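A.B. asks: I'd like to go over a predicted model; first the sequence, then the structure.
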Amino acid sequence: MTQQADFLSATRTFYDAIADDYAVRYHDEPARPMDRGVLFAFAELVGVGGHVVDVGCGPGRVTRYLGSLGLAVSGVDLSEGMLGVARRENPGIRFELGSMLELGYGDGTLDGVVSWYSSIHTPTHELPALFAEFHRVLKPGGHLLLAFQVGDEPRHYDRPWGHPVALDFLRRRPEAMAELLVPAGFDVRSRTEREPEASFEEKVPQAYLIAAKSRAAI
């Protein structure tokens, strides 16, 4: 098994196992006002009716919220378990099985891509390939939104809700992520960082980058 296939398989297995428990625990996402503010700003930049794909969509709560802001949304996820929840709760939205690294969309066909805490299982050395794929599917001027936890050390989750699975959640530095977006052909338009919210059991700051496809990747 290749290194890429290995981390994709581990991610799929983890989320298939926890899908139902995860859906119950995070039933009201996006719950934090500042998170909704970032998503609203992204939707304004894309424009009403713009086609946006939520990659690593999980149970589809953020996908649905973006749709409520006037975007034409769809979702992609590795986990059939998560997609089962998303389809059950959002019968009017298209959800597809797939990998962020190989999206089933043509070159320059999307107005926006959202990666809402879904790049956090992608190894650092795979991020240039991931951003290149986002660049490929976006129209010129199309927008990308990345959300992730801030930090240098990963958080290891072992046996969540008693399930016999484990996975690392990788934390990143906003400046490092922004530096990787530039050679991928993006202009970073916004960099937002907020403090953790204790009421949601957050331990570290959260970061959000909005970038626009500007040119060919280097």
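C.D. replies: Nice, thanks for sending it over. All figures in this text were calculated on a predicted structure; none of them were measured in a lab.
A.B. asks: residues contacting stretch 178-189, please?
C.D. replies: 45, 127-128, 131-132, 134-135, 143-144, 191, 209-218 (Cβ atoms under 8 Å, 6 or more residues apart in numbering). Bear in mind the C-beta positions are built from the backbone N, C-alpha and C, glycine included.
A.B. asks: so where's the longest helix in the chain?
C.D. replies: Using DSSP state H to define each element, the chain has its longest helix at helix 3-25.
A.B. asks: which of the contacts of stretch 178-189 fall in strands?
C.D. replies: Members of the contacts of stretch 178-189 lying in strands (criterion: DSSP state E): His143, Leu144, Arg191, Leu209, Ile210, Ala211, Ala212, Lys213.
A.B. asks: which ones are touching the most centrally placed residue in the chain?
C.D. replies: Nearest to the geometric centre of the chain sits Ser115, at 2.2 Å (Cα atoms, centre = their mean). Applying Cβ under 8 Å, 6+ apart, we find Ser115 in contact with Val55, Gly56, Met100, Phe134, Leu144, Leu145, Leu146, Ala147.
A.B. asks: okay, the third one: pLDDT?
C.D. replies: What the model reports as pLDDT for Met100 is 96.
A.B. asks: which strands and helices sit next to the worst-scoring helix or strand of the chain on mean pLDDT?
C.D. replies: Lowest by mean pLDDT, DSSP states H and E among the helices and strands of the chain is helix 3-25, with a mean of 89. In this structure, helix 3-25 packs against helix 80-89, strand 166-169, with contacts taken as 3 or more Cβ pairs under 8 Å, 6 or more residues apart in numbering; DSSP states H and E.
A.B. asks: would you turn these into TSV with mean neighbour count and distance to Pro154?
C.D. replies: Listed next are these as TSV, based on neighbours: other Cβ atoms under 10 Å; distance: least, Cβ to Cβ, whole Å:
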stretch	mean neighbour count	distance to Pro154
helix 80-89	19	21
strand 166-169	16	4
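A.B. asks: CSV for the ones you listed, including distance to Asp158 and mean pLDDT?
C.D. replies: As requested, these are exported to CSV (distance: least, Cβ to Cβ, whole Å; pLDDT from 0 to 100):
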stretch, distance to Asp158, mean pLDDT
helix 80-89, 19, 97
strand 166-169, 4, 94
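A.B. asks: want to throw those into TSV with distance to Ser74?
C.D. replies: Output for the helices and strands packed on helix 3-25, formatted as TSV (distance: least, Cβ to Cβ, whole Å):
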stretch	distance to Ser74
helix 80-89	10
strand 166-169	25
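A.B. asks: picking that back up, filter the contacts of Ser115 down to the ones in helices?
C.D. replies: Those of the contacts of Ser115 lying in helices (DSSP H): Phe134.
A.B. asks: quick check on the contacts of Ser115: which are buried?
C.D. replies: Neighbour-count burial (16 or more other Cβ atoms under 10 Å) applied to the contacts of Ser115 gives Val55, Gly56, Met100, Phe134, Leu144, Leu145, Leu146, Ala147.
A.B. asks: so which of those would you say is closest to Gly108?
C.D. replies: Ranked by distance to Gly108 (Cβ to Cβ), the buried ones among the contacts of Ser115 are led by Phe134 at 11.9 Å.
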